[in-house]
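Asks: Okay, predicted coordinates and the sequence, questions at the end:
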Amino acid sequence: STFTVGDYLAERLVQIGIRHHFVVPGDYNLILLDKLGGKLDLFGKPALIEVGCANELNCSMAAEGYARANGAAACVVTYSVGALSAFNGTGSAYAENLPLILISGSPNTNDAGQFHLLHHTLGTSDFTYQLEMAKKITCCAVAVDRASDAPRLIDRAIRTALLSKKPAYIEIPTNLAGAPCMRPGPISAVIDPAPTNPAVLAATIGEAASYLHGKLKPAILVGPKLRRAGPEAEEALLKLAEAMGCTVAVQPAAKGMFPEEHPQYTGVFWGQVSTLAADSIINWADAILCVGTVFTDYSTVGWTAMPSVPLMVAEIDHVTFPGSTFGRVRLCDFLTGLAKLVDRNDATMVEYHRLRPDPVLIHVAEESDALSRKEIQRQVQPLLAADTTLFVETGDSWFNGIQMKLPKGADFEIEMMWGHIGWSIPASFGYALSKPDRRIITMVGDGSFQVTAQEVSQMVRWRLPIIMFLINNKGYTIEVEIHDGLYNRIKNWDYAALVQAFNSTDGNAASCRVETGGELAKAIEMAKEHKGGPTLIECVIHQDDCSRELITWGHYVAAANARPPVQK
Ligand SMILES: Cc1ncc(Cn2nnc(CCOP(=O)(O)OP(=O)(O)O)c2C)c(N)n1
Ligand SMILES: [Mg+2]
């Protein structure tokens with residue numbers, strides 16, 4: 001059969017390791033979906049498994065979650081009505097440094113020139129607006145308008161996304177998906193990374209050695225971009241930390257990127273809402289090796305927690321020092337090279353042993369007591385195991401999740417830069433498809449759940465045993481703590497009943513509402529046994545029952561938002 005543009009795209013997506021593609025069909029992408037779904041592997045099975053979502057916002061967020069687990073993801077939508085919703089998950093992928101490939105069908109190539117007015121458009125004959133918008137939220141946006149251009153444009157978009165860990169956009173007209181196309185050359189043309197320049201590497205390591213020279217108490221701070229640089233970078237960081245012997249703290253969005261059971265782990269550095277006194281040791285250090293760090297208003301508690309010493313910052317492909325910068329240095333190469341040369345200096349570890357906070361006494365509530373946030377945390381903690389990935393949603397779930405202890409092998413996912421409420425439901429669904437052997441636990445607030453609840457029905461459809469703790473505090477508590485108003489109150493739902501509605505006649509979702517510690521304990525036992533599908537446990541707590549960290553953090557973030565305009 002003829003090799004087509006759609007076949008070319010399918011081949012490249014499979015070659016970069018994608019096994020599932022997230023879709024919402026529309027008449028501009030149906031032929032393309034046939035091609036993507038029609039690609040068979042050597043055993044005659046579909047090489048790409050098509051995963052339908054209830055809407056394009058959730059579709060793009062499911063792809064974002066898939067990219068966290070798989071490294072890259074594809075989201076296929078129809079023109080305008082689909083793509084504009086998928087732009088939100090694309091923005092998340094940009095903010096969170098994930099190579100999500102957004103693919104949109106588009107009008108027949110003959111229509112623009114004939115000034116035809118078409119459905120799913122603004123009602124003008126200008127069909128370029130979507131590509132222009134996509135250019136602003138991706139690292140590369142291409143529109144194929146001739147089949148002969150498809151290989152070059154598709155390869156460029158995918159390569160740029162993989163190298164920069166940012167989303168890319170590919171637009172394919174409905175009458176080109178099935179058009180004859182040249183076959184691709186080796187995938188190495190697309191995935192070979194830009195190699196580290198050896199001379200630059202040597203110079204960078206030399207600069208790092210002089211940055212550390214004479215410092216008495218260096219520490220390491222890990223940020224969320226470390227993971228985006230690949231598992232070899234995380235491994236290299238571990239070796240560097242062990243070569244130095246110093247303390248290692250992580251930023252909130254990097255929780256789980258350094259093993260928490262490691263003796264050198266000293267908590268989440270998040271200013272006044274840090275864990276394990278990480279702020280004390282970071283503030284005591286006289287040199288901080290920042291690896292993949294991102295300092296934002298949220299991660300610096302409204303700018304009240306910026307480190308006060310000159311920093312070395314190692315990024316995915318460059319390193320900066322106070323007064324100098326080095327490009328084309330891949331993070332794993334830099335960390336590996338530095339680990340071989342760096343002097344051991346455990347001064348911060350010695351000091352940390354002096355100031356490390358003692359373990360806190362965990363209060364065990366009476367079984368009949370009204371359920372509290374603390375009791376939920378106490379009962380969820382034992383669920384975290386080596387094969388667990390904990391998803392935490394924007395809201396007080398961030399703060400409750402950050403306080404959890406991750407046992408060896410456990411992982412953590414948070415969307416702290418983009419912060420789109422509702423992300424965790426489709427994202428944990430997408431992630432679970434890529435890592436079926438992991439147990440997913442999602443902590444999500446009632447407000448967030450209302451944004452993307454439909455995707456629980458995909459967890460039912462794919463029989464994924466995701467356990468969701470829905471914290472029902474009757475509204476937008478994180479917003480209440482930043483700045484309250486009636487707009488932070490929402491209509492309460494019967495969340496447990498809603499999830500049962502997704503079962504219809506062929507479902508397997510378990511759900512219940514719990515209002516005491518005793519009921520929660522029973523629900524957790526039920527969830528642990530329930531394998532054939534998702535479990536939602538709606539945990540009812542008082543609307544003001546929020547973490548002290550949220551209140552402190554909210555106070556300073558509100559102050560940062562309120563800074564008066566600087567007279568220009
Ligand atoms: C798409 C999107 N729209 C609005 C916001 C602003 N926002 N941030 N957090 C919230 C409320 C979250 O409420 P919940 O999920 O119930 O969380 P908590 O009550 O804090 O546990 C809003 C409305 C947002 N972060 N994302
Ligand atoms: Mg809430």
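Replies: Perfect, I can see it now. Note that this is a predicted model, so its numbers are computed, not measured. Ligands and ions are numbered 1, 2, ... in the order given.

Asks: what about the closest residue to ligand 1 within the stretch 51-200 of the chain, neighbour count?
Replies: Closest to ligand 1 within the stretch 51-200 of the chain is Asn88: 7.4 Å, counting by CB to the nearest ligand atom. Where you see a C-beta, it was placed from the backbone N, CA and C, and this is true even at glycine. Look at Asn88: counted by other CB atoms under 10 Å, it has 20 neighbours.

Asks: and the closest residue to it other than its chain neighbours, how many neighbours?
Replies: The shortest distance from Asn88 to any residue other than its chain neighbours is 5.4 Å, reached at Leu57 (CB to CB, 6 or more residues apart in numbering). Applying other CB under 10 Å, we find 25 residues neighbouring Leu57.

Asks: hang on, Leu57 in a helix?
Replies: Yes - Leu57: assigned to a helix according to DSSP: H, G, I helix; E, B strand; the rest coil.

Asks: That one contacts Ala453, correct?
Replies: No - checked against CB atoms under 8 Å, the pair Leu57 and Ala453 is beyond contact range at 11.9 Å.

Asks: hmm, back to that, secondary structure element for the residue of the stretch 51-200 of the chain closest to ligand 1?
Replies: helix 83-95 (DSSP states H and E).

Asks: what helices or strands is that helix leaning on?
Replies: helix 56-70, strand 73-77, strand 100-106, helix 129-137 (3 or more CB pairs under 8 Å, 6 or more residues apart in numbering; DSSP states H and E).

Asks: how near is the residue lying closest to Gly223 once chain neighbours are set aside to Met312?
Replies: Nearest residue to Gly223, sequence neighbours excluded (CB to CB, 6+ apart): Thr293, at 3.1 Å. Remark: distance between Thr293 and Met312 (CB to CB, to the nearest Å) = 10 Å.

Asks: who's more crowded, the two?
Replies: Taking other CB under 10 Å, Thr293 and Met312 do not tie; Thr293 has more neighbours (24 against 21).

Asks: Next, that one: secondary structure please.
Replies: From three-state DSSP, the assignment for Thr293 is coil.

Asks: check contacts around it.
Replies: 221-223, 225, 251, 254, 313 (CB atoms under 8 Å, 6 or more residues apart in numbering).

Asks: residue in the stretch 351-500 of the chain nearest to ligand 2?
Replies: Nearest residue of the stretch 351-500 of the chain to ligand 2: Gly445, at 3.7 Å (CB to the ion).

Asks: got the contact list for the closest residue to that residue other than its chain neighbours?
Replies: Excluding its sequence neighbours, the residue lying closest to Gly445 (CB to CB, 6+ apart) is Gly395, at 3.7 Å. The contact partners of Gly395, by CB under 8 Å, 6+ apart, come to 421, 444-445, 447-448, 471, 476-478.

Asks: same deal with Ser504?
Replies: Taking CB under 8 Å, 6+ apart as the definition, Ser504 has no contacts.

Asks: can you check Pro218 too?
Replies: Pro218 touches 212, 244, 246, 285-289, 345, 347-348, counting by CB under 8 Å, 6+ apart.

Asks: can you map out the strands along the stretch 401-550 of the chain?
Replies: 411-414, 439-445, 467-472, 510-514, 535-540 (DSSP state E, counting those that start in this stretch).

Asks: for the ones you listed, which one sits closest to ligand 1?
Replies: strand 439-445 (2.4 Å).

Asks: What strands flank the closest one, and is each parallel or antiparallel?
Replies: Take DSSP bridges as the rule and strand 439-445 pairs in its sheet with strand 388-392 (parallel), strand 467-472 (parallel).

Asks: could you redo these as JSON lines and give each row distance to Thr275, mean pLDDT and mean neighbour count?
Replies: Listed next are those as JSON lines, based on distance: least, CB to CB, whole Å; pLDDT from 0 to 100; neighbours: other CB atoms under 10 Å:
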{"stretch": "strand 388-392", "distance to Thr275": "14", "mean pLDDT": "98", "mean neighbour count": "24"}
{"stretch": "strand 467-472", "distance to Thr275": "19", "mean pLDDT": "98", "mean neighbour count": "26"}
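
Asks: Could you dump the ones you listed into CSV and include distance to Pro534?
Replies: Shown next, in CSV, are those (distance: least, CB to CB, whole Å):
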stretch, distance to Pro534
strand 388-392, 13
strand 467-472, 7
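
Asks: Compare those and report which one is nearest to Arg439.
Replies: strand 388-392 (4.9 Å; CB to CB).

Asks: List of residues touching the closest one?
Replies: 384, 398, 400-402, 404, 406-407, 410-414, 424, 427-428, 431, 435, 438-444.

Asks: that older thread, and the strands paired with strand 439-445: which comes nearest Leu240?
Replies: strand 388-392 (25.2 Å).

Asks: anything in the closest one near ligand 1?
Replies: No - on the criterion CB under 6 Å from any ligand atom, strand 388-392 is out of touch with ligand 1, staying 10.2 Å away.

Asks: Now do the same contact list for whichever residue of the stretch 201-350 of the chain sits closest to ligand 1.
Replies: Here the residue of the stretch 201-350 of the chain nearest ligand 1 is Tyr298; by CB to the nearest ligand atom that distance is 10.6 Å. Tyr298 makes contacts with 252, 416-417, 419, 553, 557, as judged by CB under 8 Å, 6+ apart.

Asks: Nearest to Ala141, out of the residues you listed: which one, please.
Replies: Among the contacts of Tyr298, and counting by CB to CB, the member closest to Ala141 is Met417, at 20.6 Å.

Asks: For Glu232, which non-adjacent residue is closest in space?
Replies: Cys332 (4.3 Å).

Asks: so what does the helix or strand where that neighbour lies touch, helix or strand wise?
Replies: Using DSSP H and E, Cys332 sits within helix 331-341. Counting contacts by 3+ CB pairs under 8 Å, 6+ apart, helix 331-341 is packed against helix 198-212, helix 231-244, strand 311-314.

Asks: any idea of the pLDDT on Lys522?
Replies: The per-residue pLDDT reported for Lys522 equals 98.

Asks: Is there a neighbour count for it? I'd like the number.
Replies: 14.

Asks: Thank you kindly, that will do.
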